[in-house]
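Colleague: Sequence unavailable; structure follows:
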């Protein structure tokens, strides 16, 4: 059984893991955000957002104010299916 069932769950966990895990010396939030967006894009999904909203979102993830599940829900609400 898959731990992350939906495409949005997978994208959220990718972002969450990179932002919280700090695998790099610098640029973890940027890497997390762009990895999530590219993952969704190659799967036919784009996200409707503005720059300020996305900045607040990734900061919330990084400091622990937003969970992976909450991020998944946010992504679903802002998704545009390009398939």
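Modeller: Here it is on my side, so go on. The structure presented is a predicted model; accordingly, all values stated were derived computationally and were not measured.
Colleague: Show me the shaky parts of the chain.
Modeller: Applying pLDDT under 70 to the chain picks out residues 1.
Colleague: where do the helices sit along it?
Modeller: Counting by DSSP state H, the chain has helices at residues 7-21, 28-42, 51-63, 68-77.
Colleague: Return the most buried member of those helices.
Modeller: Of all the helices of the chain, helix 7-21 has the most neighbours on average by mean count of other Cβ atoms under 10 Å, namely a mean of 20. All C-beta atoms are positioned from the backbone trio N, CA, C, and that covers glycine.
Colleague: what angle sits between that helix and helix 28-42?
Modeller: The directions of helix 7-21 and helix 28-42 differ by 160 degrees, with axes from the mean of the first three to the mean of the last three Cα atoms, to 10 degrees as the criterion.
Colleague: what packs against helix 7-21?
Modeller: Applying 3 or more Cβ pairs under 8 Å, 6 or more residues apart in numbering; DSSP states H and E, we find helix 7-21 packed against helix 28-42, helix 51-63, helix 68-77.
Colleague: Switch the ones you listed over to JSON lines; also include distance to residue 21.
Modeller: Listed next are the helices and strands packed on helix 7-21 as JSON lines, based on distance: least, Cβ to Cβ, whole Å:
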{"stretch": "helix 28-42", "distance to residue 21": "8"}
{"stretch": "helix 51-63", "distance to residue 21": "11"}
{"stretch": "helix 68-77", "distance to residue 21": "12"}
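Colleague: Just tell me which of those helices ends up closest to residue 12.
Modeller: helix 68-77 (4.0 Å; Cβ to Cβ).
Colleague: Tell me the gap between the closest one and the middle of its chain.
Modeller: Mean C-alpha position of helix 68-77 versus that of the full chain (Cα atoms, centre = their mean, to the nearest Å) differs by 8 Å.
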